[in-house]
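Peer 1: Predicted model and sequence follow; I will ask about them next.
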Amino acid sequence: MAEKQTEEKKSALPSKSNFSEWYNELLLVGEIMDVRYPVKGLYVWFPFGFDVRKRTYAIIRELLDKDHKEALFPLLIPETEFMKEAEHIKGFENEVYWVTHGGKNELDVRLAMRPTSETAIYPMYKVWVRSHADLPIKIYQIVNTFRYETKHTRPLIRLREITSFKEAHTVHATWDEAAEQVKEATRIYQEFYRRLAIPTIVSKRPEWDKFPGADYTMAVDTLMPDGKTLQIGTAHHLGNNFAKTFDIKYEDLSGEQVYAHQTCYGISERSIAALISIHGDDKGLLFPPEVAPVQVVVIPIIFGKSDDVMKACSDVAEVLKKDGIRVALDTSDERPGAKYYRWEMKGVPVRVEIGPRDLKNNVATIVRRDNGSKETAPLVNIAEEVRKRFGAVHESLLEKSAKSLKERIIDCKTLEEVKDRITTGIARIPWCGERDCGLAMEEAVGAGILGVPEGELGRGAGKCPVCGRGTENMAIMAKTY
Ligand code: P5A
Ligand code: ZN
């Protein structure tokens with residue numbers, strides 16, 4: 001019976017080549033998100049998914065806590081504050097949910113449910129910033145934000161309630177210091193994504209695609225299995241634009257009042273969408289060990305009864321637990337095959353099997369979820385052996401995903417080629433950097449310019465496909481989520 005059920009479930013997960021169906025089904029059978037909540041764009045975290053979220057966000061907290069402080073600001077923003085920054089309003093006004101009533105009373109001042117928290121935080125920064133000695137300020141919060149998105153909503157990818165919005169807001173004396181902070185933010189995000197074994201491309205967004213109210217925007221993108229890119233983080237240089245509207249000034253060394261310079265940067269549960277999509281496969285979820293809710297499953301290989309094997313398995317589970325490893329011991333009555341299948345689906349990166357023959361030799365069989373490799377390892381230092389596999393799984397996940405990204409970035413010379421290539425990945429093409437040319441390229445291709453990437457990827461030589469001028473800048477174009 002158990003076997004039959006798993007057979008049925010097996011056919012329930014579509015192949016990853018049908019990415020969209022695979023993704024939606026996996027969120028449910030993998031118990032990440034329940035999409036049946038009766039409001040469009042709002043979803044429910046299952047406890048298992050929430051566990052993954054907790055571990056993922058522990059990494060970003062760890063990285064930020066080195067040099068930032070965590071705080072918490074209110075969800076509701078008075079209309080009077082929200083409406084101060086002209087560009088910012090233009091960018092967000094169509095996406096704001098408004099609270100208009102308290103009970104039956106209409107509110108004198110409507111309250112915006114934060115789509116992002118600049119206008120909640122900066123009135124306080126006005127009060128907090130007095131002198132150059134107060135700077136820099138580096139604060140972050142992890143909250144829910146609300147955006148009335150009109151594009152197609154998708155779990156973890158485009159939500160109307162972003163449940164896991166990590167936003168950092170910094171204040172600096174000078175424009176240059178703020179620019180340094182933007183660089184630091186993209187470094188932190190790259191480190192975060194390395195820990196998740198997710199490859200990234202950092203690029204400066206074209207000026208028509210920057211954050212409303214920013215001087216410029218740096219974006220972190222990754223490539224999803226279906227060939228579309230997903231923006232999984234952004235860092236914005238706000239110049240002194242918000243400082244002017246919110247009157248954030250400090251007294252400099254000569255006693256003069258000067259406007260401060262600011263940055264903000266954010267990531268959301270898109271990080272988890274990328275995690276699941278990039279590593280998962282036809283068998284289901286696959287987590288890098290650091291964020292896996294269960295890191296190892298121990299399975300006795302017995303047909304019938306064997307107290308010895310059972311005892312050895314529970315001993316091994318104990319040893320691993322004592323070593324700080326998250327272990328499941330599966331002593332249920334199911335056949336081993338059915339157990340493998342279930343734990344594989346849950347993304348457990350390492351499996352330890354012990355059968356009568358292993359026990360006789362004082363070894364266990366260690367199986368990796370990512371490549372299926374089977375090795376025997378002595379029971380005496382089982383924890384060390386398992387940890388070694390954790391490192392190997394993480395490394396090979398990163399290697400594999402980085403290779404897959406690299407292979408899907410295709411050099412193009414003409415816009416025709418770009419149009420053809422972006423159906424499966426990213427097109428790389430010379431661009432002179434001019435606005436008019438960029439907009440013409442987007443129009444001709446029917447997809448966006450992500451920007452000119454940092455590093456080698458953004459350097460080359462060629463001719464702008466629109467104006468024909470020679471340039472050393474390479475832009476990347478892709479279909480985006
Ligand atoms: C930076 C933090 C901001 O809001 N203010 C504070 C700045 N930037 S942003 O680019 O608009 O958003 C930051 C990141 O959040 C993700 N994101 C979303 N994720 C899920 N659902 C949405 N509707 C959504 N909108 C934005 C993106 O990864 C974006 O880079
Ligand atoms: Zn040009």
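Peer 2: Arrived safely. Ligands and ions are numbered 1, 2, ... in the order given.

Peer 1: Just want the most central residue of this protein.
Peer 2: In the chain, the residue lying closest to the centroid (C-alpha atoms, centre = their mean) is S271, at 1.3 Å.

Peer 1: Do I have it right that that one meets L196?
Peer 2: Yes. The criterion here is C-beta atoms under 8 Å, and S271 meets it with L196 at 6.8 Å. Where you see a C-beta, it was placed from the backbone N, CA and C, and this is true even at glycine.

Peer 1: shared neighbours, those two?
Peer 2: Common neighbours of S271 and L196, using C-beta atoms under 8 Å, 6 or more residues apart in numbering, are T56.

Peer 1: which stretch of helix or strand covers the residue nearest to the centre of the chain?
Peer 2: Using DSSP states H and E, S271 sits within helix 270-279.

Peer 1: Which strands and helices lie in contact with that helix?
Peer 2: helix 19-29, helix 47-65, helix 175-195, strand 229-239, strand 285-286, helix 382-407 (3 or more C-beta pairs under 8 Å, 6 or more residues apart in numbering; DSSP states H and E).

Peer 1: now for those, which one comes closest to L13?
Peer 2: helix 19-29 (5.5 Å; C-beta to C-beta).

Peer 1: Tell me where the model's unsure across this protein.
Peer 2: Scanning the chain for pLDDT under 70 picks out 1-11.

Peer 1: how about 90 then?
Peer 2: Low-confidence segments of the chain, defined by pLDDT under 90, span residues 1-12, 85-90, 302-307.

Peer 1: Alongside ligand 1, which residues does it contribute?
Peer 2: Residues of the chain lying close to ligand 1 (C-beta under 6 Å from any ligand atom) are 116, 147, 149, 158-159, 162, 167, 211, 231-234, 236, 264-268, 270.

Peer 1: If we use 8 Å, what do you get?
Peer 2: Neighbours of ligand 1 within the chain, by C-beta under 8 Å from any ligand atom: 41, 115-118, 145, 147, 149, 153, 156-160, 162, 165-169, 211, 217, 219-220, 230-236, 264-271.

Peer 1: Number of residues surrounding whichever residue of the stretch 1-150 of the chain sits closest to ligand 2?
Peer 2: Residue nearest to ligand 2 within the stretch 1-150 of the chain: E87 (26.0 Å; C-beta to the ion). For E87, the neighbour count with other C-beta atoms under 10 Å is 15.

Peer 1: Identify the residue spatially nearest to it, adjacent ones excluded.
Peer 2: G213 (4.4 Å; C-beta to C-beta, 6 or more residues apart in numbering).

Peer 1: three-state assignment of that neighbour?
Peer 2: Under the three-state scheme (DSSP: H, G, I helix; E, B strand; the rest coil), G213 adopts coil.

Peer 1: Next, the contact list for it, please.
Peer 2: Contacts of G213 by C-beta under 8 Å, 6+ apart are 85, 87-88, 91, 118, 238, 241-242.

Peer 1: which residues sit against the helix holding S271?
Peer 2: 19, 23, 26-27, 30, 32, 49, 52-53, 56, 60, 155-157, 164, 192-193, 196-198, 222, 224-225, 230-233, 285-288, 291, 347, 370, 397, 401.
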